[in-house]
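A.B. asks: What shape does this take:
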Amino acid sequence: MLAIVLATTAARATPRIPTSDSEIVETLPAVAGWSREERRLRRELVARPRDEGVALAAAQAYLDLARAQGDARYAGHALGVLQAWQPLSANTPKAILVMHATVAQYLHDFDGAERTLRMALAGHPDDAQGWLTLATILRVRGRYEESDTACRALVPLRQHLYAEPCLAENNGLRGDHEAAQRVLQNLLDSPFLQEKRLGPYRQWLLTTQAGIAELAGRDAQADAAYRRAIDMGASGYDLLAYSDFLLRRNRPAEVLPLLKPEARSDAVLLRIVMAQERLAAQHKQSPSQREAAQRDAEELAARFDAGGLRPGSTQSHAREQAIFALEVQGDASKALALARLNVQLQREPIDLLVFARAAAAARDEGARQEVKTLMQQIGLRDTRVDAVLGGAS
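C.D. replies: Sure, this is the predicted structure:
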């Protein structure tokens, strides 16, 4: 209830500009889930702010917390931990550069993350994590050939277990679904990859499989891969992807128990609201459930309104706002404007799908052609987008 009150108040409040850098704007609540080790890291960081090992451990702890809570403010704390190395340069420790880029990626500062990674890799071309992160950022931006180059840089470093699925995912995005799935399945079937400690790696392969199956229109295969990954303890990103799949297949009742244990980030709450809307349309909600659903929708609207007061936040959250405008508010024009803004920043399949659906809902033929042209430019093949646009993209 407190979160609802705070969000609603923020949406109506007049923006307040701090008078100095030392002014405290907000104090984050204590995090009960933090371990004794993490609290120790914070104390050591105060005593030794330029201790590389302590800073990296603390930044990773904050980033993990941001991902778990869906709260980007903790990612801001991770950047604060690395502040002692500003301005970044070629002389900055490699691990600090890569961590800084990873946090920037989480915050959707893809340009900044790419610049930092290239700086790190110019001096340390043997950094496998740097190449893999760069490949991911380039893929998200729809730059598949450049992503291929970053994936291949892992081969001379003897990182074939990452190079192969990295390239396979890019090939799957281009429409070579069969070859991509063969690579992923061969890795999943490898006897030496069955060890329990390699569970997160296998989970990555499974969710990649699921995504490629969706692109190919093979929903049964995608469903099975998502379920196997989730049974292994899927991450929040995987749960959101599967929730989107379930909503597209008109299975909203399965979404609510899937997301109930998760922190109510904007992205999680959005899927909950969408599932509740679908259940209401199917007359499968009691009066009390409908009231709770209305409160959730109002809370999410207030969050988006409050977020719009922060400079630069609209584009980085335009995907979720576009989906909300389209699916909950029924405002196709607003959804289209937000979806168009979003694809300037990121071009994952879901971004193009939202753009296509908004264009179709707005009955905007020019926007439909924009989607087709963009798909051709980046080389993405997606049967879901084809179905929305009524023909091959």
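
A.B. asks: Pull out the buried positions in stretch 373-388.
C.D. replies: Leu374, Met375, Ile378, Leu380, Arg381, Asp382, Thr383, Arg384, Val385, Asp386, Val388 (16 or more other C-beta atoms under 10 Å). Glycine gets a C-beta too; all of them are placed from N, C-alpha and C.

A.B. asks: right, I mislabeled it, should have said stretch 63-76
C.D. replies: Leu63, Leu65, Ala66, Arg67, Ala68, Gln69, Gly70, Asp71, Ala72, Tyr74, Ala75.

A.B. asks: Likewise for stretch 285-305?
C.D. replies: Gln285, Ala293, Asp296, Ala297, Glu299, Leu300, Ala301, Ala302, Arg303, Phe304.

A.B. asks: One more: stretch 265-275?
C.D. replies: Result for stretch 265-275 [16+ other C-beta under 10 Å]: buried residues Ser265, Asp266, Ala267, Val268, Leu269, Leu270, Arg271, Ile272, Val273, Met274, Ala275.

A.B. asks: Do me a favour and average the pLDDT over the longest helix anywhere in the chain.
C.D. replies: What stands out as the longest helix in the chain, according to DSSP state H, is helix 287-307. What helix 287-307 shows for mean pLDDT is 91.

A.B. asks: Next: stretch 49-65.
C.D. replies: Mean predicted confidence for stretch 49-65 is 91.

A.B. asks: for that stretch, the distance to its chain's centre please.
C.D. replies: Computed by C-alpha atoms, centre = their mean, to the nearest Å, the separation of stretch 49-65 from the middle of its chain amounts to 21 Å.

A.B. asks: Export it to CSV, keeping only CA atoms.
C.D. replies: Output of stretch 49-65 as CSV, limited to C-alpha atoms (Å, rounded to 0.1, in the frame of the first residue of the first chain):
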residue,chain,number,x,y,z
PRO,A,49,37.2,2.8,-2.2
ARG,A,50,39.9,2.0,-4.8
ASP,A,51,40.4,-1.6,-3.8
GLU,A,52,39.6,-3.3,-7.1
GLY,A,53,38.5,-6.6,-5.6
VAL,A,54,36.2,-5.1,-3.0
ALA,A,55,34.7,-2.7,-5.6
LEU,A,56,34.0,-5.4,-8.1
ALA,A,57,32.4,-7.6,-5.5
ALA,A,58,30.2,-4.8,-4.2
ALA,A,59,29.2,-3.6,-7.7
GLN,A,60,28.2,-7.2,-8.5
ALA,A,61,26.2,-7.5,-5.3
TYR,A,62,24.3,-4.2,-6.2
LEU,A,63,23.7,-5.3,-9.8
ASP,A,64,22.4,-8.7,-8.6
LEU,A,65,20.1,-6.9,-6.2
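
A.B. asks: sorry, back to before: who are the packing partners of the longest helix of the chain?
C.D. replies: With contacts defined as 3 or more C-beta pairs under 8 Å, 6 or more residues apart in numbering; DSSP states H and E, helix 287-307 has these neighbours: helix 2-12, helix 266-281, helix 318-327.

A.B. asks: can you state the direction angle for the second one and helix 287-307?
C.D. replies: Inter-element angle recorded for helix 266-281 and helix 287-307: 140 degrees (by axes from the mean of the first three to the mean of the last three C-alpha atoms, to 10 degrees).

A.B. asks: Name the residues that touch helix 266-281?
C.D. replies: 70, 236, 239-240, 243-244, 247, 250, 252-253, 255-256, 259, 262, 264, 285, 289-290, 292-293, 296-297, 299-300, 303-304, 307, 317, 320, 323-324, 327-328 (C-beta atoms under 8 Å, 6 or more residues apart in numbering).

A.B. asks: that older thread, mind putting the buried residues of stretch 285-305 in a markdown table, distance to Leu206 included?
C.D. replies: Below are these laid out as a markdown table (distance: C-beta to C-beta, whole Å):
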| residue | distance to Leu206 |
| --- | --- |
| Gln285 | 33 |
| Ala293 | 32 |
| Asp296 | 30 |
| Ala297 | 33 |
| Glu299 | 33 |
| Leu300 | 30 |
| Ala301 | 35 |
| Ala302 | 36 |
| Arg303 | 31 |
| Phe304 | 32 |
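
A.B. asks: related to what we said a few turns ago, buried deepest among the helices and strands packed on helix 287-307, which one?
C.D. replies: Counting by mean count of other C-beta atoms under 10 Å, helix 318-327 has the highest mean neighbour count of those, with a mean of 24.
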